[in-house]
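In: Model the structure of this input:
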Amino acid sequence: MVQIIIYISLGLMLTGIIFSTLRFVFGPTAADRTVALDTLTTISMAALVLLALVYKRYIYIDIALVYGVLGFIGVLVIARYLEGAL
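Out: Numbering: from 1, shown residues only. Sure, this is the predicted structure:
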């Protein structure tokens, strides 16, 4: 039962990665690309948490938290740059 949930989660993550990558590549504006990059960061964090669950290595959760903070700071920097404040 748990394996089915993991496979469904991986399938949904893969679908999200495909759509976000398409938006990142073909996004008409820089803001669309920024949101797609932030979405890819969030999906990567979810994948790290799923890996922690599967392999029972809970250090991956700490890595996901640090990656999330760095991704948030990166999006803030990009937003400030697009706004013209940097």
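
In: List the contacts of stretch 48-61.
Out: Here stretch 48-61 makes contact (Cβ atoms under 8 Å, 6 or more residues apart in numbering) with 6, 9, 10, 13, 63, 64, 67. C-beta coordinates here come from the backbone N, C-alpha and C atoms, glycine included.

In: Could you tell me which of these are located in helices?
Out: 6, 9, 10, 13, 63, 64, 67 (DSSP state H).

In: Which one (most neighbours) among these?
Out: residue 64 (19 neighbours; other Cβ atoms under 10 Å).

In: Could you measure from it over to residue 33?
Out: Separation of residue 64 from residue 33 (Cβ to Cβ, to the nearest Å) stands at 23 Å.

In: Find the nearest non-adjacent residue to residue 10, please.
Out: Nearest residue to residue 10, sequence neighbours excluded (Cβ to Cβ, 6 or more residues apart in numbering): residue 50, at 7.3 Å.

In: Over to residue 63?
Out: Nearest residue to residue 63, sequence neighbours excluded (Cβ to Cβ, 6+ apart): residue 48, at 5.9 Å.

In: What's the mean pLDDT across whichever helix or strand the residue nearest to residue 10 is part of?
Out: Using DSSP states H and E, residue 50 sits in helix 30-55. The average pLDDT within helix 30-55 is 93.

In: Kindly report the same for stretch 1-13.
Out: 90.

In: Now do it: distance to the chain's middle.
Out: Mean-position distance between stretch 1-13 and its chain equals 17 Å (Cα atoms, centre = their mean, to the nearest Å).

In: before we move on, back to that, among the contacts of stretch 48-61, which two are most distant?
Out: Greatest spacing in the contacts of stretch 48-61, by Cβ to Cβ: 6 and 67 (20.5 Å).

In: What about the nearest residue to residue 35 once chain neighbours are set aside, how many residues nearby?
Out: Leaving out its chain neighbours, the residue that sits closest to residue 35 by Cβ to Cβ, 6+ apart is residue 23, at 7.5 Å. Residues lying near residue 23 (other Cβ under 10 Å) number 17.
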